[in-house]
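K.L.:
A structural model of the following input is requested.
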Amino acid sequence: MENIIPLPLPDRVPLDDARRYVLLWRQSGLTRRQFCERHNIPLAKLRNWTLTRMAQADLIQQAEDAVSLTEHHDIATAVAQHDNELTQKMETLFKETLLEREHMLSQEKPLYQQVLRLARQYSHAFWAPGTEIAHPLDKPVSEWPFVSLSALPEPLSEEKIPSLFKLIFTPSQEPLHAGF
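P.N.:
Alright, predicted model coming up:
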C-alpha cells in the first residue's frame, strides 16, 4: 500500500514539505512564480516556506551577534543565556511552521484530505503529522514542548477504504488495485 497512496497525487506529494519543495523547485529551472503556476500553488505558500528558512538563519545570526558583543569575563553565562533564548525561538518557529502546514492541508479538497487521512493511518511515516519535519533540536515528537499537530477527525474504517479508492482511480485502473 505504501507505493500506491502517492500515485493519485504525484505533483502534490513533494510540495507539502519545505525540503522537498526546495529541491523540486531548484531542479525545475523555473522562477518561483512559474513554478507556482505550473503546480497550482499560491505564491504565498512558497514565500512562507522560504521565510521560515530565512527566519531560522536570522535567529541563529542574532544569537551569534549577541554572544560576540558580550564582555569576555561573562562569556559562558552569555552563551548559555543566548542558547536558551535561541532554543525557545526555534521551537516557536517550528511550531508555527507545523501549524501553518496543517492549516494549509486543511484547505485542500475533501478527496485530498481523505487520501491524506488514509495515508497517515496506514502508510509511510512521511504522511504522519510532523514526522517528516525535524525538530530543531532533533527531539522526538513525544518530547516536543507543545501538542503536535491536530489529529485527523476520525480514522477511516476498513469498509470506507474501497469506496475512497473508487473516487481516486478511473475505471480502467480499478482492476490493478482490486486487492485494496
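K.L.:
pLDDT score for Lys139?
P.N.:
Model confidence at Lys139, given as pLDDT, is 75.
K.L.:
Helix, strand, or coil at it?
P.N.:
Three-state call for Lys139 (DSSP: H, G, I helix; E, B strand; the rest coil): coil.
K.L.:
Report how many residues lie close to it.
P.N.:
13 (other CB atoms under 10 Å). Glycine gets a C-beta too; all of them are placed from N, C-alpha and C.
K.L.:
Neighbours of Cys36, how many?
P.N.:
Quick note: Cys36 (other CB under 10 Å) scores 19 neighbours.
K.L.:
And the helix or strand containing it, what's buried?
P.N.:
Using DSSP states H and E, the element containing Cys36 is helix 32-39. For helix 32-39, burial by neighbour count (16 or more other CB atoms under 10 Å) applies to 35-36, 39.
K.L.:
Tabulate these (JSON lines), appending pLDDT and distance to Glu102.
P.N.:
Shown next, in JSON lines, are those (pLDDT from 0 to 100; distance: CB to CB, whole Å):
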{"residue": "Phe35", "pLDDT": "77", "distance to Glu102": "23"}
{"residue": "Cys36", "pLDDT": "74", "distance to Glu102": "20"}
{"residue": "His39", "pLDDT": "72", "distance to Glu102": "20"}
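K.L.:
contacting residues for Glu85?
P.N.:
Neighbour list for Glu85: Ala63 [criterion: CB atoms under 8 Å, 6 or more residues apart in numbering].
K.L.:
helix/strand/coil for it?
P.N.:
Once three-state DSSP is applied, Glu85 turns out helix.
K.L.:
With the one 10 residues further on instead?
P.N.:
The assignment at Lys95 comes out as helix when based on three-state DSSP.
K.L.:
what about it, neighbour count?
P.N.:
17.
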